[in-house]
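Novice: structure for this input, please:
(one chain, ligands or ions: 1)
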Amino acid sequence: MRLPERQVAALEAASATDAQPIPDLAAEAGIDEAAATTSVFELEEDGLVAVETETEETVSLTDEAREYLDAELPEVRLYRAAVEAGADETPVSMGQVIGASGLEGPQVDIALSNFARKGYGEIDGGEISADPDADPDSDAEITALEALDAGEAVDDDSLLDRLAERGLIEREKRTVRSVLLTDAGVDALMAGVEAAETADRLTPEMLISGEWEDVEFTDYNVEADATEAGAGKVHVLRQAAERVKDVLVGMGFQEMDGPHADADFWINDALFMPQDHPARTHWDRFALDVDPIEDLPEDLLRAVENAHREGVGPDGDGYHSPWSEDFAREVALRGHTTSLSMRYLSGAAEGDLEPPQRYFSVEKAYRNDTIDATHLLEFFQIEGWVMAEDLSVRDLMGTFEEFYRQFGITDVQFKPHYNPYTEPSFELFGRHPETGELIEIGNSGIFREEVLSPLGVDCDVMAWGLALERLAMLYTGAEDIRDLHGTLADLEFLRNAEVIY
Ligand SMILES: N[C@@H](Cc1ccccc1)C(=O)O
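Specialist: Numbering: from 1, shown residues only. Predicted coordinates:
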């Protein structure tokens, strides 16, 4: 029998008694894995080998698990500290035990949530008691982690599930194909197989020499496993931003655009934010050491100053706090994109606007926040406003319900809130699909007279700033904003995340 060279190599490497995984067979045959896979499928088609398919699970330890292998599980540390403090006899104050355990930050929560679950004791009314019969030295979870670390298998599926849920292991399923010679394969080998030279592609040389007429071409196997190609794709946040724009345009909104670095006047003063507001100090604000902005509309500047000093309307009252034009002209990275709304509402961007109007932007804002699972130093805000003769809170809520519904989010919650520029104001919350926690997804309200009157707007304006990253977290299930962008972004997540339409 004549077979292509690499099929002969694969056939000769296969055994009639021990099923061999394709990678092993490839190594033995001295051919690469893709060629081995193709050959094996071809041999299977000819009935010379049988292919068995199994799914195999690989389990790997996370960095957190490695920490615990070095320094014990947090709940075990809590148990030992509790016993040390006598909590196996009478309950001891939790603060004392946690202090003695040396547990810090998130480890405290981890310890508390696993302590009672594992029967190490109980926590009740701020006191902790330890079960004297519990045996932390034979903790099933750490024993399993040790076994996995030593390369041994752990068969207890529910235990593995729990470890995966705690983020201590990662389980990955792969398909393993193993190859066994069939009787026909054995017969063929006994009768002798010869290698026929095959070509896997047509070359210019073959065409020139005429060799193409005699050469035997390898068959294509379109079912063979192939190496996964990580193609480039649009970043999940960019996809989300585009989707949000589509939805808002579909709802009749027009897009705003404007500077990332702007006068404090547009970022804060026009919004009736007092100049001594904490958000306007260096703690929160990225000030830029550049020349102040000269070209602010003079009339508007005076009207805004007046609103700050005297208030608006017969019962109005100003802030009775200092107001300086120099500060208004200083430049900072915008802490919200509401600066754009001010530019448009004032007429500075596109001239005076007559109601009804709807505008939005999906643009970056910058805040000197502490970075954590829900905060970055820069983020995308979905800014928007509607200008009309008569608007109420129902219009505001209805708009959000319609907007979020497009992303499959139907349980937005509203909480009363305070903004210096809106009254009433509402914060929006959505439930995270994985953690079940309510997370803040936006802030909104109806602009006050003190904002609208200086701008020269004499109808109602409802407005909002929603966080694009938080919206993306809700519908992708990402639990940490840092997985989405920034230096710690999770590439695997970004490759696989889908935007829901
Ligand atoms: N600027 C607000 C959002 C907002 C805009 C307009 C009106 C009300 C609220 C924020 O960043 O949180």
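
Novice: how about the residues of the stretch 201-350 of the chain by the ligand?
Specialist: Proximity of the stretch 201-350 of the chain to the ligand is confined to 336, 338 under the rule C-beta under 6 Å from any ligand atom. C-beta: built from backbone N, CA, C; applies to glycine.

Novice: all strands of the stretch 201-350 of the chain, in order?
Specialist: Counting by DSSP state E, counting those that start in this stretch, one finds strands in the stretch 201-350 of the chain at the ranges 216-217, 254-255, 261-263, 331-333.

Novice: including mean pLDDT and mean neighbour count, could these go into TSV?
Specialist: Below are the strands of the stretch 201-350 of the chain laid out as TSV (pLDDT from 0 to 100; neighbours: other C-beta atoms under 10 Å):
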stretch	mean pLDDT	mean neighbour count
strand 216-217	82	12
strand 254-255	98	13
strand 261-263	97	20
strand 331-333	96	20
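
Novice: nearest to E298 among those would be which one?
Specialist: strand 261-263 (13.4 Å; C-beta to C-beta).

Novice: so who does A36 touch?
Specialist: 6, 10, 22-23, 25-26, 29 (C-beta atoms under 8 Å, 6 or more residues apart in numbering).

Novice: any idea which element it lies in?
Specialist: Applying DSSP states H and E as the criterion places A36 in helix 33-45.

Novice: most proximal residue of the stretch 151-300 of the chain with respect to the ligand?
Specialist: Taking C-beta to the nearest ligand atom as the measure, the point where the stretch 151-300 of the chain comes nearest the ligand is L271, at 7.6 Å.

Novice: and the stretch 351-500 of the chain, which residues reach the ligand?
Specialist: So the stretch 351-500 of the chain meets the ligand at 419, 422, 443-445, 463-465 (C-beta under 6 Å from any ligand atom).

Novice: need those in TSV with neighbour count, pLDDT and distance to E216, can you?
Specialist: Formatted as TSV, those follow (neighbours: other C-beta atoms under 10 Å; pLDDT from 0 to 100; distance: C-beta to C-beta, whole Å):
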residue	neighbour count	pLDDT	distance to E216
N419	22	95	77
T422	24	97	77
N443	20	97	70
S444	25	98	71
G445	23	98	76
A463	25	98	72
W464	25	98	68
G465	20	97	67
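
Novice: could these go into CSV alongside secondary structure?
Specialist: CSV is the format used below for these (DSSP: H, G, I helix; E, B strand; the rest coil):
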residue, secondary structure
N419, strand
T422, strand
N443, strand
S444, strand
G445, strand
A463, strand
W464, strand
G465, strand
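
Novice: sorry, back to before: what pLDDT does the residue of the stretch 151-300 of the chain closest to the ligand get?
Specialist: Looking at L271, its pLDDT stands at 97.

Novice: next up, the contacts around the closest residue to it other than its chain neighbours.
Specialist: Of all residues not flanking L271 in the chain, Y421 sits nearest, at 4.1 Å (C-beta to C-beta, 6 or more residues apart in numbering). Going by C-beta under 8 Å, 6+ apart, Y421 touches 271-273, 338, 445, 447-448, 450-451.

Novice: go with 7 Å
Specialist: 271-273, 447-448, 451 (C-beta atoms under 7 Å, 6 or more residues apart in numbering).

Novice: before we move on, what about A261?
Specialist: 288, 331-333.

Novice: what do you get for V8?
Specialist: Per C-beta under 7 Å, 6+ apart, neighbours of V8: 193, 195.

Novice: mind redoing it with 10 Å?
Specialist: 1-2, 29, 39, 43, 188-189, 193-196 (C-beta atoms under 10 Å, 6 or more residues apart in numbering).

Novice: same check on L103?
Specialist: Here L103 is in contact with 74-75, 77-78, 81, 97, 109-112 (C-beta under 10 Å, 6+ apart).

Novice: how about N368?
Specialist: Per C-beta under 10 Å, 6+ apart, neighbours of N368: 279, 281-287, 333, 335, 377.

Novice: one more time with 6 Å, if that's ok
Specialist: D284 (C-beta atoms under 6 Å, 6 or more residues apart in numbering).

Novice: what about it, is that helix, strand or coil?
Specialist: coil.

Novice: distance check, it against the ligand.
Specialist: Between N368 and the ligand the distance is 14 Å, computed by C-beta to the nearest ligand atom, to the nearest Å.

Novice: can you report phi and psi for V51?
Specialist: phi -110, psi 130 (degrees, to the nearest 10).

Novice: just checking, it touches E45?
Specialist: No - applying C-beta atoms under 6 Å, one finds V51 not in contact with E45, separated by 10.2 Å.

Novice: neighbour-wise, which of the two wins?
Specialist: Higher neighbour count among V51 and E45: V51, with 15 against 11, using other C-beta atoms under 10 Å.

Novice: list the contacts of the more buried one.
Specialist: For V51, the contact set (C-beta under 6 Å, 6+ apart) comprises 44, 177, 179.

Novice: scan those and report the most crowded one.
Specialist: V179 (27 neighbours).

Novice: could you give the bridge partners of it?
Specialist: Taking DSSP bridges as the rule, V179 bridges to Q20, V51.

Novice: closest residue of the protein to the ligand?
Specialist: For the chain, C-beta to the nearest ligand atom, closest residue to the ligand: G465, 2.7 Å.

Novice: who does that residue bridge with?
Specialist: Residues in beta-bridge contact with G465 (DSSP bridges): E383, N443.

Novice: any chance you could list what contacts the lowest-mean-pLDDT helix or strand in the chain?
Specialist: Lowest on mean pLDDT, DSSP states H and E among the helices and strands of the chain sits strand 198-199, with a mean of 79. By C-beta under 6 Å, 6+ apart, the residues outside strand 198-199 that reach it are 4, 215-218.

Novice: so of those residues, which two are at opposite extremes in space?
Specialist: Pairwise over the contacts of strand 198-199, using C-beta to C-beta, the maximum falls at P4 and V215, 11.2 Å.

Novice: the two: which is more packed in?
Specialist: Set P4 next to V215 and count neighbours by other C-beta under 10 Å: P4 wins out with 22 against 13.

Novice: give the bridge partners for that one, please.
Specialist: A196.

Novice: quick one, what contacts it?
Specialist: Neighbours of P4 in contact, by C-beta under 6 Å, 6+ apart: 196, 198, 218.

Novice: do the same with L25
Specialist: L25 neighbours (C-beta under 6 Å, 6+ apart): 13, 36, 179.

Novice: did I read that right, it in a strand?
Specialist: No - assessed with three-state DSSP, L25 is helix; it does not lie in a strand.

Novice: domains of this structure?
Specialist: 2-59+173-217, 237-496 (automatic domain parsing).

Novice: can you give me how far the first one is from the chain middle?
Specialist: Spelled out, it's domain 2-59+173-217. Domain 2-59+173-217 sits 43 Å away from the centroid of its parent chain (C-alpha atoms, centre = their mean, to the nearest Å).

Novice: and the nearest residue to E84 once chain neighbours are set aside, how far from A50?
Specialist: Among residues not flanking E84 along the chain, A100 sits closest, at 6.5 Å (C-beta to C-beta, 6+ apart). Computed as C-beta to C-beta, to the nearest Å, the A100 to A50 distance reads 62 Å.

Novice: which one's more surrounded, those two?
Specialist: Neighbour count, other C-beta under 10 Å: between A100 and A50, A50 has more, with 19 against 16.

Novice: show me which positions of stretch 316-327 end up buried.
Specialist: 318-319, 323, 327 (16 or more other C-beta atoms under 10 Å).

Novice: could you list which of these belong to helices?
Specialist: Secondary structure assignment (DSSP state H) places F327 from those within helices.

Novice: of the buried residues of stretch 316-327, closest to E205?
Specialist: F327 (76.4 Å).
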